[in-house]
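Colleague: mind folding the following:
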Amino acid sequence: MSEFASGTLTAKNIHLSFGSNHVLRGIDLHVEKGTTASVIGPSGSGKSTLLRVMNRLIEPAQGDILLDGRSVLKDNPDELRRRIGMVFQQFNLFPHKTVAENMSLALRKLRGMSKEQAREDALAQLDLVGLKHKADVRPANLSGGQQQRVAIARALAMKPEVMFFDEATSALDPELVKGVLALMTDLPRAA
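Modeller: You can find the predicted model right below:
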């Protein structure tokens, strides 16, 4: 039995370089389930890179990443990504699909859900972010804040154990930031 709670994420001695630029130098990080942690630093300091390494969108040159006390670097990255959700600065919504279709795609492809079950789960997550009434609308007809809430709901629909936000409010108008931050702050309590 693991000494860690489900969803506990640890990074040990993470290093990464791009050519001669050593971006991550011996990074250690430990985040318990149900807690919130922030990575703060100046532009270009490697914050986004660290999140991408933790989700194995980029492989570290050195170090280890553990989820629930078990190394994930030898696993298929897709397995890890089923357990870790990520919301990017860009919303990455498909413009030709409705909100519900955007949310259902990963549920069907990665979780093997039927079309009906995926839609039902998508609607439940949209309801949590106050956008169930927008399920059949295309992203172009949503405000930036609504699109970001859809992106958050889409990530939550996968039932991740860990959730990363990479500058999730930076593309929003100032008046929309407060609502998205409130949603992000409530996530650990809802888990």
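Colleague: okay, residue 159: pLDDT?
Modeller: Looking at residue 159, its pLDDT is 84.
Colleague: show me where this protein has helices.
Modeller: 47-54, 77-83, 99-109, 115-128, 144-157, 174-190 (DSSP state H).
Colleague: do you know which of those helices lies nearest residue 33?
Modeller: Between residue 33 and the helices of the chain, the tightest spacing by C-beta to C-beta is seen for helix 174-190, at 8.3 Å. Using the backbone N, CA and C atoms, a C-beta is placed for each residue, glycine as well.
Colleague: and the closest one, how far from the chain's centre?
Modeller: 14 Å (C-alpha atoms, centre = their mean, to the nearest Å).
Colleague: tell me the angle of it relative to helix 115-128?
Modeller: 110 degrees (axes from the mean of the first three to the mean of the last three C-alpha atoms, to 10 degrees).
Colleague: what comes up buried for helix 174-190?
Modeller: Neighbour counts over helix 174-190 (16 or more other C-beta atoms under 10 Å) mark 176, 179, 180, 183, 184, 187 as buried.
Colleague: would you check these and say which has the weakest pLDDT?
Modeller: residue 187 (67).
Colleague: quick one on the thing from earlier: make CSV out of the buried residues of helix 174-190 and add distance to residue 95.
Modeller: Output for the buried residues of helix 174-190, formatted as CSV (distance: C-beta to C-beta, whole Å):
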residue, distance to residue 95
176, 20
179, 23
180, 21
183, 23
184, 24
187, 26
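Colleague: number of residues surrounding the closest residue to residue 130 other than its chain neighbours?
Modeller: Sequence neighbours aside, residue 149 is the residue nearest to residue 130 in space, at 7.1 Å (criterion: C-beta to C-beta, 6 or more residues apart in numbering). Neighbours of residue 149 under the rule other C-beta atoms under 10 Å: 26.
Colleague: for the helices of the chain, which one sits closest to residue 65?
Modeller: Closest approach to residue 65 among the helices of the chain is made by helix 47-54 (6.1 Å; C-beta to C-beta).
Colleague: name the helices or strands packed onto that closest one?
Modeller: For helix 47-54, the helices and strands in contact under the criterion 3 or more C-beta pairs under 8 Å, 6 or more residues apart in numbering; DSSP states H and E are strand 9-18, strand 21-31.
Colleague: show residues contacting it.
Modeller: 9, 11, 14, 16, 23-24, 27, 29, 39-41, 58-60, 65, 84, 86, 164, 166-167 (C-beta atoms under 8 Å, 6 or more residues apart in numbering).
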